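Q: kindly generate the corresponding structure for this input.
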Amino acid sequence: MLLAAWVYIVVRAVRVAFTHDEAISYGIIKGVQTFVESANNQWLNTVAMKVARHLFGESEVALRSPNIVAFGFYAVACVVLLIQLRRIAARVAIVTLLVVNPFLLEFFGLARGYGMCVGFLAAGLACALFEDGGRTARRELMRIGGAGVCGVLAFYANFACFNIVVVLLGIAGLDLVVKGPRREALAHGRRRGIAFSIVGVCAVALVPGILQVQALREHGQLYYGGHTSFVTDTIDSLLGASSCGYFCKPSWLDTASTSIILTAAFGVIWSVWSGIRSKSISNLQRAALVFAVPVLGVLLEFAVLGTLYPLDRTALVYLVTFAVLIGFTMDDLVNVTSSAVAKSVLLVGSLVVFGLSTDNFVSYANVSQATIWTYDASAHEAIDAAIRFEREVGRPAQSWRLISGFPREESMNYYRVRFKLGWLQPVGREPTSTPGGDLYYVGVSELNELPPGTTLLASFPSTDTQLRAAAGLRR
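A: The predicted structure is shown next:
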């Protein structure tokens, strides 16, 4: 299934036109200063795109390759998490949440930091929760180092998972002070000192990113988020984007949201009870901490600092922690219950949700557009049509001015630069009603705003857009 998901991601990376936000990232690596000090400059993604451009060129799939690679980390993390779970019901549940989701997978095929963030976060969680029964000091240090480094990389991928990374490092520290097998493996004072040093170095490594986030906040750059509630903004936006589209509200939304809240609450309560019963900290308690504490942090930050609730793509990290919580909760439930009926109910429930998720995936998965940026799905076709027209009428004496208006201008600029179209001026954010254009790439609903006499060059039904030439341009 992970291999099929990887093929799906690669096909999308090749076929989906470059999107608005990807084009902004491309502009940053090309030296455009407009968005360097904005939230669009996701540091790790920017650096990775520069390296990919140097190694592979400027095609869509080349610039998206860092996120495709990040899926490798994600896939390994999924396998590790599955190995930690002993029951089929738990494994089905975690696969359903982490793999059978078209919205989550598509970010591994886009040149933005969201896929890398999710991939490295999952890898960090897998390191933090890894148990193989052969615990040694060297393995413990490697596990702590892996969790810390992956957590730091996830944070710098798009600055969206700070709360989770802090808890991840906190769990590593907690394991060093709470009596248990992990502490015993590092009983030697020097080894424990090294472990604390690893956690400390990773924590210090977050400081430049924290300062950047604070600067973005002071300059009003952290504008993408919700103002209503964690349920409405975070949970509902994820459910909608994972099914019928951006800001979509399916008919089953309220039922699904309520089910998720109750399931998460049960998982946290069960982990507390299980910990009290066993008088120890296991992966179930760690999973509960890494889910519950960051969510409480979001609520507190909203109340005290006025920050925004995560929305759709910035909320994907909470889908990962929720999946881990549910997986380990179900695993523990099946282990402790002696009722065959209860075990069957949990398994059947997992399979039913898997079936519904698979049906949803089949219904909404595509290789032609990005959920958030559907308006850019025809950008490559539009620029191809402009190139054909230029070849038909001949190279203009003066470069043409293409007007498309916000938000289509960024992806058009990417293709203009990538294909070295010197006969085309940089595309700005001028409204489509701006006079003096030579070419117009506009929505059908905007045709009445154009100057009179434009002629149709190409039509793109998937985005309901057209490429048109100004009067007299076609000889």
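Q: when you work out contacts or count neighbours from here on, use the C-alpha atoms and nothing else.
A: Fine.
Q: and residue 132, what pLDDT?
A: Per-residue pLDDT puts residue 132 at 67.
Q: err, residue 212, not the other one
A: For residue 212, the predicted pLDDT is 91.
Q: now do the strand or helix carrying it: everything it contacts.
A: Using DSSP states H and E, residue 212 sits within helix 207-218. The contact list for helix 207-218 (CA atoms under 8 Å, 6 or more residues apart in numbering) reads 37-39, 155-156, 159, 222.
Q: which one (most neighbours) among these?
A: Ranked by neighbour count (other CA atoms under 10 Å), those have residue 155 at the top, with 29 neighbours.
Q: A strand includes it, no?
A: No: assigned with DSSP: H, G, I helix; E, B strand; the rest coil, residue 155 falls outside any strand and is helix.
Q: mind listing what it touches?
A: Neighbouring residues of residue 155 by CA under 8 Å, 6+ apart: 117, 161-162, 165, 206, 209.
Q: check residue 253 too.
A: Neighbouring residues of residue 253 by CA under 8 Å, 6+ apart: 236, 239-240.
Q: do you know how far it is from residue 413?
A: For residue 253, the distance to residue 413 (CA to CA, to the nearest Å) stands at 38 Å.
Q: repeat that for residue 228.
A: Distance from residue 228 to residue 413, by CA to CA: 35 Å.
Q: repeat that for residue 175.
A: 50 Å.
Q: the two: which has the busier surroundings?
A: residue 413 (25 against 19).
Q: please name the nearest non-neighbouring residue to the more buried one.
A: Leaving aside its sequence neighbours, residue 413 sits nearest to residue 427 (CA to CA, 6 or more residues apart in numbering; 5.8 Å).
Q: neighbours of the one you found, just the number please.
A: 20.
Q: pretty sure it sits in a helix.
A: No: counting by three-state DSSP, residue 427 is located in no helix; its state is coil.
Q: quick one: the strands in the stretch 301-450 of the chain?
A: For the stretch 301-450 of the chain, the strands defined by DSSP state E, counting those that start in this stretch occupy 402-403, 439-443.
Q: contacts for the next helix or strand after the last one next, please.
A: The one in question is strand 439-443. With elements assigned by DSSP H and E, the helix or strand that comes after strand 439-443 is strand 455-460. Applying CA under 8 Å, 6+ apart, the contact partners of strand 455-460 are 378, 381-382, 385, 389, 465-471.
Q: and if we set it to 6 Å?
A: Contacting residues not belonging to strand 455-460 are listed as 466-469 [CA atoms under 6 Å, 6 or more residues apart in numbering].
Q: which residues are in contact with whatever helix or strand residue 22 lives in?
A: Assigned by DSSP H and E, residue 22 belongs to helix 20-29. With contact meaning CA under 6 Å, 6+ apart, helix 20-29 is reached by 111, 410-411, 414.
Q: centre of the chain to it, how far?
A: 16 Å (CA atoms, centre = their mean, to the nearest Å).
Q: likewise stretch 102-122?
A: 4 Å.
Q: what about the closest residue in space to residue 248 that isn't next to it in sequence, helix or strand, and which?
A: The shortest distance from residue 248 to any non-neighbouring residue, by CA to CA, 6+ apart, is to residue 240 (4.8 Å). Per DSSP H and E: residue 240 is located in helix 236-241.
Q: chain center to that helix: distance?
A: Using CA atoms, centre = their mean, the offset of helix 236-241 from its chain centre is 13 Å.
Q: try stretch 271-278
A: Offset of stretch 271-278 from its chain centre (CA atoms, centre = their mean): 33 Å.
Q: widest-spaced pair of the contacts of helix 20-29?
A: For these, with distances taken as CA to CA, the pair at the greatest spread is 111 and 410 (13.8 Å).
Q: send me stretch 448-455 as PDB with only the CA atoms.
A: Output in PDB follows, covering the C-alpha atoms of stretch 448-455 (Å, rounded to 0.1, in the frame of the first residue of the first chain):
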ATOM      1  CA  ASN A 448     -17.000  41.000 -19.200                       C
ATOM      2  CA  GLU A 449     -14.100  42.900 -17.600                       C
ATOM      3  CA  LEU A 450     -11.800  42.600 -20.600                       C
ATOM      4  CA  PRO A 451     -11.300  45.300 -23.300                       C
ATOM      5  CA  PRO A 452     -13.500  44.800 -26.300                       C
ATOM      6  CA  GLY A 453     -12.300  42.700 -29.300                       C
ATOM      7  CA  THR A 454     -10.200  40.000 -27.600                       C
ATOM      8  CA  THR A 455     -10.100  36.700 -29.400                       C
END
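Q: what about that stretch, distance to the chain center?
A: A distance of 40 Å separates the centroid of the chain from that of stretch 448-455, by CA atoms, centre = their mean.
Q: where does this protein dip in pLDDT?
A: Along the chain, segments meeting pLDDT under 70 span 132-135, 179-189, 474-475.
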